[in-house]
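>>> What shape does this take:
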Amino acid sequence: MTEVMVSIQNRAGIHARPAALIVQTASKFASKIWLEKGSDRINAKSIMGIITLGASYGTPIRIIADGADEEAAAAAVQALFDSRFEED
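Next up, the predicted model:
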């Protein structure tokens with residue numbers, strides 16, 4: 001299991017477009033991938049789950065990946081957060 005801490009750096013937080021990017025990226029991997037905010041853990045391959053997190057600017061998020069390609073999966077999702085979902 002691979003875990004990475006990130007924070008939301010784009011001002012708008014996670015809305016439909018970033019959620020879709022996360023799902024598209026996570027779906028490329030065989031590993032199970034979750035996003036965790038506080039005590040809430042959601043499947044990173046579920047757009048509705050991601051949107052319901054209600055994650056805004058500055059919110060810390062834990063990326064958890066488990067499976068054969070977990071390190072690459074966590075790194076790919078982390079790269080989206082680091083690039084501010086290419087919005088800023």
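
>>> What is the burial count for the residue lying closest to Ser7 once chain neighbours are set aside?
What sits nearest to Ser7 in space, not counting adjacent residues and going by Cβ to Cβ, 6 or more residues apart in numbering, is Pro60, at 5.0 Å. For the C-beta atoms, the positions are set from N, CA and C on the backbone; glycine is no exception. When neighbours are counted by other Cβ atoms under 10 Å, Pro60 registers 12.

>>> who's in contact with the most far-flung residue of the chain relative to its centre?
The C-alpha centroid of the chain is most remote from Ala68, which lies 18.3 Å away (Cα atoms, centre = their mean). By Cβ atoms under 8 Å, 6 or more residues apart in numbering, the residues touching Ala68 are Ala30, Ser31.

>>> Try it again at 10 Å.
With contact set as Cβ atoms under 10 Å, 6 or more residues apart in numbering, Ala68 has these partners: Phe29, Ala30, Ser31.

>>> If any of these are buried, put those into a PyMOL selection.
Buried residues within the contacts of Ala68, by 16 or more other Cβ atoms under 10 Å, are selected in PyMOL with:
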select buried, resi 29+31
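
>>> how about a markdown table for the contacts of Ala68, with secondary structure added?
A markdown table is the format used below for the contacts of Ala68 (DSSP: H, G, I helix; E, B strand; the rest coil):
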| residue | secondary structure |
| --- | --- |
| Phe29 | coil |
| Ala30 | coil |
| Ser31 | coil |
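
>>> Format the contacts of Ala68 as JSON lines; extra columns: pLDDT and distance to Gly54.
Below are the contacts of Ala68 laid out as JSON lines (pLDDT from 0 to 100; distance: Cβ to Cβ, whole Å):
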{"residue": "Phe29", "pLDDT": "98", "distance to Gly54": "25"}
{"residue": "Ala30", "pLDDT": "98", "distance to Gly54": "28"}
{"residue": "Ser31", "pLDDT": "98", "distance to Gly54": "25"}
